[in-house]
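Undergrad: okay, structure incoming, though there's no sequence with it:
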């Protein structure tokens, strides 16, 4: 029971952090009016946040790698809460941006520590499911947290959204203090900075990072413009778009949990099949013009692609088990790098005349590329195992 409560506390933390990353997207008009800045400027609250996660998270992880994990994750939740207090009371946009950067530093390191602690709480045969459950907090944030945060902002003001999300974060921290056993988060050894970098040279680690980055480029090139794609290409009425996106979020949550179980049963087969599935879903989206049913099915399918996340994260943590702190934090950084590149490529292409109908091609091409990397990686690892047995 205590293990379940500890995983639940980590899940709640993931929900809070996942909500705060994207909730400003729904608060942009209100913040723009209140702070007297343009809407594109307010958009920096998301893009600079992502950059801060990608860069600041690993740096903070390196600087704190010798600290005990349980106190460290509690400190991160305290930073998260403090950042939300500053955001909720910010007198100007510059202060609000500074608060977002502070929160982002906690974000990157939190998910790295969360993954390590979650895996330490269970036996090896259940680690995939533990990762899937805790990271499922991000999916629930997308399904419920962001829409609720937007609704609260509309009804009570955008500052109240930051107060409430910060409160969820501190509640998660208190639950971790109560239920996460100190021994589960204990560092068996203090890995040096050199050791933290050395494990990154393991092909299982850096090639998995490459798979994540490549697949996320295609995923977010499509997802960034999914709303206009649904209405202008698929012919879905704008009033139904929020419901389609809710369906997308539910699919993401379900597939994340299923993927955790599949990872514990057959990780390599799950990974190989995932990229075939990704390619097929994005290919289906190419047939959506003028067909709302196909468009909705394609978006649901894109949501269901999350089932390979637990396998990818488990591969990295096992490959870097000798010194996992930096490697685990870099997972979030790599995801955010892929997100940024995908959004930029799609924006650049649309500005230069690409049709919304062609956006799914990014998903097809980059899913195939990630699949090729996967096949070559698994073949390389198999040859290494055979060579080791023959030696």
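TA: Good, I have the coordinates. Values in this document were obtained by computation on a predicted structure and should not be read as measured data.
Undergrad: now residue 68: how far from residue 194?
TA: 21 Å (C-beta to C-beta, to the nearest Å). C-beta: built from backbone N, CA, C; applies to glycine.
Undergrad: show me which of the two is the more surrounded one.
TA: Using other C-beta atoms under 10 Å as the criterion, residue 68 and residue 194 rank with residue 68 on top: 13 against 8.
Undergrad: got the phi and psi for that one?
TA: Phi and psi for residue 68, reported as degrees, to the nearest 10, are phi -60, psi 140.
Undergrad: and what of residue 235?
TA: In terms of degrees, to the nearest 10, the main-chain angles of residue 235 are phi 70, psi 20.
Undergrad: per-residue pLDDT, the nearest residue to it once chain neighbours are set aside?
TA: Nearest residue to residue 235 in three dimensions, chain neighbours excluded: residue 292, at 5.0 Å (C-beta to C-beta, 6 or more residues apart in numbering). For residue 292, the pLDDT comes out at 95.
Undergrad: and if you look at the one 3 residues further on?
TA: According to the prediction, residue 295 has pLDDT 95.
Undergrad: cool, and residue 274?
TA: 92.
Undergrad: what comes into contact with the one helix or strand it maps to?
TA: Element membership for residue 274 (DSSP states H and E) is helix 267-285. In this structure, residues lying in contact with helix 267-285 by C-beta atoms under 8 Å, 6 or more residues apart in numbering are 128, 215, 218-219, 222, 229, 259, 262-263, 294-295, 297-299, 301-302, 304-305, 307-308, 311-312, 314-315, 360-364, 367-368, 370-371, 374-375, 378.
Undergrad: which of those count as buried?
TA: Buried subset of the contacts of helix 267-285 (neighbour count, 16 or more other C-beta atoms under 10 Å): 128, 215, 218-219, 222, 229, 259, 262-263, 294-295, 297-299, 301-302, 304-305, 307-308, 311-312, 314-315, 360-364, 367-368, 370-371, 374, 378.
Undergrad: just the ones of those in helices?
TA: Of those, the ones assigned to helices by DSSP state H are 128, 215, 218-219, 222, 259, 262-263, 294-295, 297-299, 301-302, 311-312, 314-315, 360-364, 367-368, 370-371, 374, 378.
Undergrad: which helices and strands does the helix or strand of the chain at the bottom of the mean pLDDT ranking pack with?
TA: Lowest mean confidence among the helices and strands of the chain (mean pLDDT, DSSP states H and E): helix 39-42, at a mean of 75. With contacts taken as 3 or more C-beta pairs under 8 Å, 6 or more residues apart in numbering; DSSP states H and E, helix 39-42 sits against helix 24-35.
Undergrad: thanks a lot, catch you later.
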